[in-house]
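Visitor: sequence unavailable; structure follows:
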């Protein structure tokens, strides 16, 4: 029986970086492929990944995903991957050039937002992000609380 999430949008979600939406304003998003080892793919299919500390570094016209933890695959033999190794992102040359220009602007960084499978290919959604200040975070929390209260009041009638 197919996964209901897979039916809904054609992708199977593996991990989400919810902390990123709290700490950053996301201005643009990009979808990139990942160059992975076999044990990493098996581990991802089991949902064993953590994006919280991850970031994207662009160097020598290549994009690299760093500090993303993909747990070792339990059923693998001795040939096991390193959990926090650098992984190459598969992007078009023009996209990488665009990202280089945007990241050079003050205050911008690239962070992974979601990790998922589309047609059996592992993809990562990366976001061009600006850091939030403390008062921005408080405003975001206050707005979410107000929205939640309004929804409760509407449900009560």
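Guide: Noted; the coordinates are in hand. All figures in this text were calculated on a predicted structure; none of them were measured in a lab. Residues are numbered from 1 along each chain as shown.
Visitor: distance of the residue nearest the centre of the chain from residue 34?
Guide: Nearest to the mean C-alpha position of the chain, by Cα atoms, centre = their mean, lies residue 113 at 2.4 Å. Using Cβ to Cβ, to the nearest Å, residue 113 is found at 14 Å from residue 34. C-betas here are computed from N, CA, C, even on glycine.
Visitor: ok, residue 73 next?
Guide: To residue 34, residue 73 is 16 Å away according to Cβ to Cβ.
Visitor: on that earlier part again, quick check, the residue nearest to the centre of the chain in a strand?
Guide: Yes - per DSSP: H, G, I helix; E, B strand; the rest coil, residue 113 lies within a strand segment.
Visitor: so what's it up against?
Guide: By Cβ atoms under 8 Å, 6 or more residues apart in numbering, the contact set of residue 113 is 16-17, 20-21, 26, 29, 51, 125-127.
Visitor: ok, these vs residue 140, which is closest?
Guide: Distance to residue 140, by Cβ to Cβ, is smallest for residue 21 among the contacts of residue 113, at 8.7 Å.
Visitor: report how many residues lie close to that closest one.
Guide: As a burial measure, residue 21 scores 15 neighbours (other Cβ atoms under 10 Å).
Visitor: kindly report the same for residue 109.
Guide: The number of residues packed near residue 109 is 15, by other Cβ under 10 Å.
Visitor: ok, it - contacts?
Guide: If a contact means Cβ under 8 Å, 6+ apart, then residue 109 has 24, 55, 103, 128-131 as its contacts.
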